[in-house]
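Peer 1: all I have is the shape, not the residue letters:
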Ligand SMILES: Cc1cc2nc3c(=O)[nH]c(=O)nc-3n(C[C@H](O)[C@H](O)[C@H](O)COP(=O)(O)O)c2cc1C
Ligand code: SF4
Ligand code: SF4
Ligand code: FES
């Protein structure tokens, strides 16, 4: 155990941080993020002082701090290195790189070095799959990791060089836009969508949105015009526009590119929404992994304020007031779920709410709230400019417009591709030069595992819906290993609120591990189906409903992936007696045949 | 104005704002549950009370009843799934029924009986969990906590003390106590608090009360979970009545 660091003046420091956030309980998560940055963890005294300043029960502050992966209640290293652990990072050898890093620095994953300098661990997908393997170092993404880069990083850490002084080449993040269409291909003039909305009028613009048949790009595909209308027609003292930039689905990174390069279009979509609904306040919920974009986005907001595209009397229109605040997440996939996101915005644990009521009626601070994906707002801005008919001309009737895909895995040209809806998997595979594709995970772990037999299927809401992930597995890849990675992901990201998901994702993980380790039996397959059914039908929210998808898809479509791993026995104990003796063997330094069970 | 829903073919009246569970219990139609108690704000975490309403699975303790809703509740399939949820709760914690002071008074155990659970079925997690004996009158054993948050709600809404909360995430979610040490003895909890008496399992026990009621004469030695919960509902209804609280 390392000594807790000296914390002089902690009370005063915490007071300053709390005041910076106006001692607003809703800003609790933002306060905790600042405290984590300052002390490399959330000291117990800090929790006590924050509770006092915010006038909250201490246990609520502790509960919030305990929920988010990027906050730690135990000291973390002054350099905190988190290796992204998406399946694409695996394919590119992140485990070997982590071992190399640990060997160089005498580390163990999950533990802080003796001197308190470094800690390292794996983290869920960081949204850089087109340039992996990636790690976050004190929040900063380092892409395209290699042994050489790891050696350089190790040297920089050992020389205690501040991360801000490290060579900028380490932190290069590319957009890799490979194909554009209606959305990314058309030039966008900041202010044009707001001007068009003011000219046309709010109701007429909502009419254009309806005409466009735009459906949400965050996965579920709910008609945007309907959601906005419901929010507009709900009673409340205020209305809120929330942009969901949590992008937690492993394999998805298109919102990262939209925010990096098309932020004006996104913010403008939110502002158009504000005009249509009469909202004066918007939030961008930015996942913690994208904290490196924060400064840039704040600059865009400031520039837009100066240009009178935000603030009071926008573009000279009296009473048209709207501003956007950026809220950071701190490592929790569930906070992409809209009601959990709202809880998190209010400074609480990211626990999905009971529905009904839906956010459109009772959202942020119980007021009517619209939560939409980043891409949905970008589409809305373009619809405001070009009209609904223009938008609806692309794609299919049920799925109008285009879809941005985040393509990664076994292909020569990973990156961002924009296609009209209805494009086939085969066509996409050709474009990104995936010659030997064997399977594609469409929509990330919560989506659909598509086998080579189904490559004629198309990207659309009624065939293969997706928030954007498109992860390619070439011939020779072990699908079972991919499914195992996904099972671990869900077990790690379950919020823990409801029984079927909290326990089910763990049982699922253990069973997939058991099969992958060569101890599985036919009855384990039945058990996985049983668990899948329970999670799908009994869970509280979409996470639990979709967590069994990869496992069930594999059982149905890829029997070859697990069959040769099954033992012929109908029963195999889950507990391996010989393995249990491993610790004793290590302690005694023995590994001879007599130190093993027969 | 009252409207009605049907549950397993039986017509059940409800008033605006009532959940499916409220309407069912008031009509003596039993929907199995663990994290629900009519005295507290609904929570919706255990999922035992999931029913099929108009073809969709919903959580009956939180889902508002709406006119002409058709609810399916007491079917072999749903009860089988409920049994699996109880089994999940058993293997997730460390439940030692024969040796537990709450035996016979425990709703988790009674749910196991009621749903005909014969074995834990799933592999045990054997999680290392804390036992807290720091309070002079109250014993807290997280090995048996099922995260129903009844104590959290009781302490917050009735005792107005916020002694409990939840921390951690996923399988590491755990009951947390409102003190810097994390110990119950360092809070203002009193044995007279509501929160000391709502735990459906043996996670919160009152000290020096061990075996005052002998095994064989305990609550679920006498009645089923169904009878217990319907009586609980009746008690709440009479307290809410004209002469009640
Ligand atoms: C576990 C879970 C995670 C989600 N993550 C995201 C996300 O990262 N981004 C997103 O836009 N929607 C996410 N969603 C969907 C949102 O709940 C919501 O449907 C969406 O933000 C609505 O926006 P849209 O109508 O524009 O698609 C998630 C849903 C679930 C159940
Ligand atoms: S399904 Fe999973 S993530 Fe959703 S509420 Fe239940 S435990 Fe939380
Ligand atoms: S201690 Fe008891 S009442 Fe409190 S959450 Fe756990 S099981 Fe429920
Ligand atoms: S009783 Fe409804 S979820 Fe627990």
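Peer 2: Everything's here; your move. In this text the structure is predicted, and so the values were computed from the model without any measurement. Ligands and ions are numbered 1, 2, ... in the order given.
Peer 1: quick one: end-to-end distance for stretch A:148-168.
Peer 2: 15 Å (C-alpha to C-alpha, to the nearest Å).
Peer 1: which parts of that stretch are buried?
Peer 2: A:149-150, A:152-154, A:156-157, A:163, A:166 (16 or more other C-beta atoms under 10 Å in any protein chain shown). C-betas here are computed from N, CA, C, even on glycine.
Peer 1: equivalent analysis for stretch A:284-303, please.
Peer 2: In stretch A:284-303, counting by 16+ other C-beta under 10 Å, buried: A:284-291, A:293, A:297, A:300-301.
Peer 1: what about residue 24, how many residues nearby?
Peer 2: If you meant another chain, say so; for now it's chain A. 12 (other C-beta atoms under 10 Å in any protein chain shown).
Peer 1: I was thinking of chain B, sorry if that wasn't clear
Peer 2: Residues near residue B:24, counting by other C-beta under 10 Å: 28.
Peer 1: just give the nearest non-adjacent residue to it, would you?
Peer 2: residue B:31 (5.1 Å; C-beta to C-beta, 6 or more residues apart in numbering or on different chains).
Peer 1: what does residue B:124 give?
Peer 2: The nearest residue in space to residue B:124 (C-beta to C-beta, 6+ apart) is residue B:91, at 4.8 Å.
Peer 1: in the stretch 451-598 of chain A, which spans are strands?
Peer 2: A:469-474 (DSSP state E, counting those that start in this stretch).
Peer 1: quick one: contacts of the helix or strand of chain B with the lowest mean pLDDT?
Peer 2: Scoring the helices and strands of chain B by mean pLDDT, DSSP states H and E places helix B:225-240 at the bottom, with a mean of 91. Outside helix B:225-240, the residues that touch it by C-beta atoms under 8 Å, 6 or more residues apart in numbering or on different chains are B:25-26, B:28, B:30, B:32-33, B:37-39, B:107, B:110-111, B:113-114, B:219-220, B:223, B:244-245.
Peer 1: test my guess that the residue nearest to residue B:124 contacts residue A:502.
Peer 2: No. Using C-beta atoms under 8 Å, residue B:91 makes no contact with residue A:502, being 11.9 Å away.
Peer 1: higher neighbour count, those two?
Peer 2: Just comparing residue B:91 and residue A:502: by other C-beta under 10 Å the higher neighbour count belongs to residue A:502, 26 against 19.
Peer 1: so for that one, what's the pLDDT?
Peer 2: Residue A:502 is assigned 98 on the pLDDT scale.
Peer 1: roughly how far apart are it and residue A:576?
Peer 2: Relative to residue A:576, residue A:502 is positioned 25 Å away (C-beta to C-beta, to the nearest Å).
Peer 1: can you tell me which of the buried residues of stretch A:148-168 is nearest residue A:340?
Peer 2: Of all the buried residues of stretch A:148-168, residue A:340 sits closest to residue A:163, with 30.4 Å by C-beta to C-beta.
Peer 1: residues contacting the closest one?
Peer 2: Applying C-beta under 8 Å, 6+ apart, the residues near residue A:163 are A:79, A:137-138, A:140.
Peer 1: of these, which is the most crowded?
Peer 2: That'd be residue A:79 among the contacts of residue A:163, by other C-beta under 10 Å, with 22 neighbours.
Peer 1: residues contacting that residue?
Peer 2: Counting by C-beta under 8 Å, 6+ apart, residue A:79 has contacts A:117-119, A:137-138, A:157, A:163.
Peer 1: what do you get for residue A:216?
Peer 2: Counted by C-beta under 8 Å, 6+ apart, residue A:216 has contacts A:222-224, A:227, A:372-373, A:376.
Peer 1: which of these fall in strands?
Peer 2: A:372-373 (DSSP state E).
Peer 1: could the contacts of residue A:216 go into TSV alongside pLDDT and neighbour count?
Peer 2: Shown next, in TSV, are the contacts of residue A:216 (pLDDT from 0 to 100; neighbours: other C-beta atoms under 10 Å in any protein chain shown):
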residue	pLDDT	neighbour count
A:222	97	15
A:223	98	15
A:224	98	27
A:227	98	20
A:372	98	27
A:373	98	27
A:376	98	23
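Peer 1: between the contacts of residue A:216, which is nearest chain B?
Peer 2: Nearest to chain B among the contacts of residue A:216 is residue A:222, at 16.1 Å by C-beta to the nearest C-beta.
Peer 1: you'd agree the closest one is up against residue A:214?
Peer 2: No. Using C-beta under 8 Å as the test, residue A:222 is too far from residue A:214 to be in contact (10.2 Å).
Peer 1: could you break chain A into its assigned domains?
Peer 2: A:7-67, A:79-174, A:179-392, A:404-477, A:480-568 (automatic domain parsing).
Peer 1: what mean pLDDT does the fourth one get?
Peer 2: Looking at domain A:404-477 alone, the average pLDDT works out to 97.
Peer 1: that one and chain B in contact?
Peer 2: No. Applying C-beta under 8 Å from any C-beta of the partner chain, one finds domain A:404-477 out of contact with chain B, separated by at least 15.2 Å.
Peer 1: thinking again about what came up before, inside helices: which ones of the contacts of residue A:163?
Peer 2: Among these, DSSP state H puts none in helices.
Peer 1: will you turn these into JSON lines that also has distance to ligand 4 and pLDDT?
Peer 2: Below are these laid out as JSON lines (distance: C-beta to the nearest ligand atom, whole Å; pLDDT from 0 to 100):
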{"residue": "A:79", "distance to ligand 4": "43", "pLDDT": "97"}
{"residue": "A:137", "distance to ligand 4": "42", "pLDDT": "97"}
{"residue": "A:138", "distance to ligand 4": "41", "pLDDT": "96"}
{"residue": "A:140", "distance to ligand 4": "42", "pLDDT": "97"}
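Peer 1: turn these into CSV, columns for distance to ligand 3.
Peer 2: As requested, the contacts of residue A:163 are exported to CSV (distance: C-beta to the nearest ligand atom, whole Å):
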residue, distance to ligand 3
A:79, 38
A:137, 38
A:138, 36
A:140, 39
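Peer 1: which of those residues lies closest to chain B?
Peer 2: Using C-beta to the nearest C-beta, the contacts of residue A:163 come closest to chain B at residue A:138, 22.0 Å.
Peer 1: quick one, grab the pLDDT at the closest residue in space to the closest one that isn't next to it in sequence.
Peer 2: Counting by C-beta to C-beta, 6+ apart, residue A:138 lies nearest to residue A:163, which is 5.0 Å off, once chain neighbours are set aside. Residue A:163 carries a pLDDT value of 96.
Peer 1: how close does residue A:163 sit to residue A:515?
Peer 2: 41 Å.
Peer 1: just the buried residues of the contacts of helix B:225-240.
Peer 2: Applying 16+ other C-beta under 10 Å to the contacts of helix B:225-240 flags B:25-26, B:30, B:32-33, B:37-39, B:107, B:110-111, B:114, B:219-220 as buried.
Peer 1: from those residues, pick the one nearest ligand 4.
Peer 2: residue B:33 (3.3 Å; C-beta to the nearest ligand atom).
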